[in-house]
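>>> Kindly generate the corresponding structure for this input.
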Amino acid sequence: MIRALGLLLLFLLELAVLVVGARWGWARDAGPAIRLLAAVAVPVVLAALWGVFGSPKARVVLPAAGKHAFQAAWFVAGGAMLASLGRPLLGVALVVVWAATVTLLRLGGRPA
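Residues are numbered from 1 along each chain as shown. Predicted coordinates for the structure are as follows:
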């Protein structure tokens, strides 16, 4: 049950990074067409990267340390986007909740 809740939380955090990416793209200082393109392209690129390197069924199988590093960088990027949108505390919270969830799952003998 706890593993399922932890994995659900991680999935919701992954979705949150995609939403933040869309918001970050929309916030660019450009015309409406470029902003719309960025709002669509940023989460698509993020999702593609996650699918290739970060997901449990990733196309590129990285060693455990490489996968953890990629996932950490991905969530830190989400936190950085939130900070650049003027929400630094939410950015820190995103990264801290992700790190705490992964740590608890791993300490419980349940790799995330």
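
>>> use CA for all of it now, contacts and neighbours both
OK.

>>> Buried residues, the helix of greatest length in the chain. List them.
Looking across the chain with DSSP state H, the single longest helix is helix 2-26. Buried residues in helix 2-26, counted by 16 or more other Cα atoms under 10 Å: 3, 6-7, 9-10, 13-14, 17-26.

>>> Let me see the contact set for Val20.
78, 81-82 (Cα atoms under 8 Å, 6 or more residues apart in numbering).

>>> can you give me the offset of the longest helix of the chain from its chain's centre?
6 Å (Cα atoms, centre = their mean, to the nearest Å).

>>> Also stretch 65-73?
Worked out by Cα atoms, centre = their mean, stretch 65-73 lies 11 Å from the chain centre.

>>> rewinding a little: dump the contacts of Val20 to JSON lines, plus secondary structure.
Compiled in JSON lines, the contacts of Val20 are given as follows (DSSP: H, G, I helix; E, B strand; the rest coil):
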{"residue": "Gly78", "secondary structure": "helix"}
{"residue": "Met81", "secondary structure": "helix"}
{"residue": "Leu82", "secondary structure": "helix"}
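
>>> ok, and the most crowded of those residues?
When the contacts of Val20 are compared by neighbour count (other Cα atoms under 10 Å), Gly78 ends up highest, at 27 neighbours.

>>> ok, the nearest residue to that residue once chain neighbours are set aside to Pro43 distance?
With sequence-adjacent residues excluded and distances taken as Cα to Cα, 6 or more residues apart in numbering, Gly78 is closest to Val17, at 5.1 Å. As judged by Cα to Cα, to the nearest Å, Val17 and Pro43 stand 8 Å apart.

>>> now Val60
Distance from Val60 to Pro43, by Cα to Cα: 20 Å.

>>> So those two - more neighbours on which side?
Pro43 (21 against 12).

>>> Mind exporting the C-alpha coordinates of the helix or strand hosting the more buried one to CSV?
For Pro43, the enclosing helix or strand under DSSP states H and E is helix 32-49. Extracted in CSV, the C-alpha atoms of helix 32-49 (Å, rounded to 0.1, in the frame of the first residue of the first chain):
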residue,chain,number,x,y,z
PRO,A,32,1.7,34.7,-28.9
ALA,A,33,2.6,32.2,-31.6
ILE,A,34,6.0,31.6,-30.1
ARG,A,35,4.6,31.4,-26.5
LEU,A,36,2.0,28.9,-27.7
LEU,A,37,4.7,26.9,-29.5
ALA,A,38,6.9,26.9,-26.4
ALA,A,39,4.0,26.0,-24.1
VAL,A,40,3.4,22.9,-26.2
ALA,A,41,7.0,22.0,-27.1
VAL,A,42,8.6,22.2,-23.7
PRO,A,43,6.4,19.5,-22.1
VAL,A,44,6.6,17.4,-25.2
VAL,A,45,10.4,17.5,-25.1
LEU,A,46,10.3,16.8,-21.3
ALA,A,47,8.0,13.9,-21.8
ALA,A,48,10.2,12.5,-24.6
LEU,A,49,13.3,12.7,-22.4
